[in-house]
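Asker: Just need the structure, nothing else, for what follows:
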Amino acid sequence: MLEKEQAELVAVIADFLEMGHVENIMAMFKQDPALYALSGELLRDERFMVRMGMAVLFEEMMAIRPQEVPLAIPALLPLLAEETPWWRGEAVNLLGIIDTPEALAHLKPLADDPEPQIREMVADILAVS
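Answerer: From the prediction side, this is the model:
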């Protein structure tokens, strides 16, 4: 996918998530699981409703297509190294929703994150898993 086309697609998905149209985005992800590769970019959106929509999307997709959601893991990993704590936190949340051994393995190093809320999120996720 060309960079411009990808940026346009991310913008459309983000706008739909902000409007609460998660079911439309679910249909897109069902049709094309390669869209999970855009997860990291979508989490970088400054709009809270977009990031919340991603969490809802992941929870819903884990219920119906759990084998596909881990495709997002590579796209989420760069956010774990970001300076901005809420980006790390959003990635931690989605990796916790994915809840596979691979996803959880990437959370373990964040148990010592400088941000107390991230440490707490990681501890809670790892305690349940």
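
Asker: The residue nearest to residue 82 when sequence neighbours are not counted and residue 80: what is the separation?
Answerer: By the measure of C-beta to C-beta, 6 or more residues apart in numbering, the closest residue to residue 82 outside its immediate chain neighbours is residue 88, 5.7 Å from it. The way it works is simple: take the backbone N, C-alpha and C, and place the C-beta from them, glycine included. Distance, residue 88 to residue 80, using C-beta to C-beta, to the nearest Å: 6 Å.

Asker: how about the helix or strand where residue 49 lies as CSV, C-alpha atoms only?
Answerer: If you go by DSSP states H and E, residue 49 is part of helix 48-64. Taking Å, rounded to 0.1, in the frame of the first residue of the first chain, the C-alpha atoms of helix 48-64 are listed here in CSV:
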residue,chain,number,x,y,z
PHE,A,48,-9.4,9.5,23.0
MET,A,49,-12.5,8.0,21.3
VAL,A,50,-10.3,6.6,18.5
ARG,A,51,-8.1,4.9,21.1
MET,A,52,-11.1,3.7,23.0
GLY,A,53,-12.6,2.4,19.8
MET,A,54,-9.4,0.4,19.1
ALA,A,55,-9.8,-1.3,22.5
VAL,A,56,-13.5,-2.1,21.8
LEU,A,57,-12.5,-3.4,18.3
PHE,A,58,-9.9,-5.7,19.8
GLU,A,59,-12.2,-7.0,22.5
GLU,A,60,-14.9,-7.7,19.9
MET,A,61,-12.5,-9.3,17.4
MET,A,62,-11.0,-11.5,20.2
ALA,A,63,-14.4,-12.9,20.8
ILE,A,64,-15.1,-13.8,17.2
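
Asker: tell me which strands and helices the following helix or strand past it is in contact with?
Answerer: Scanning forward in sequence from helix 48-64 by DSSP H and E, the next helix or strand is helix 73-76. Helix 73-76 makes packing contacts with helix 39-43, helix 85-98, helix 101-107 when contacts are defined by 3 or more C-beta pairs under 8 Å, 6 or more residues apart in numbering; DSSP states H and E.

Asker: Since that was my last question, I'll sign off now.
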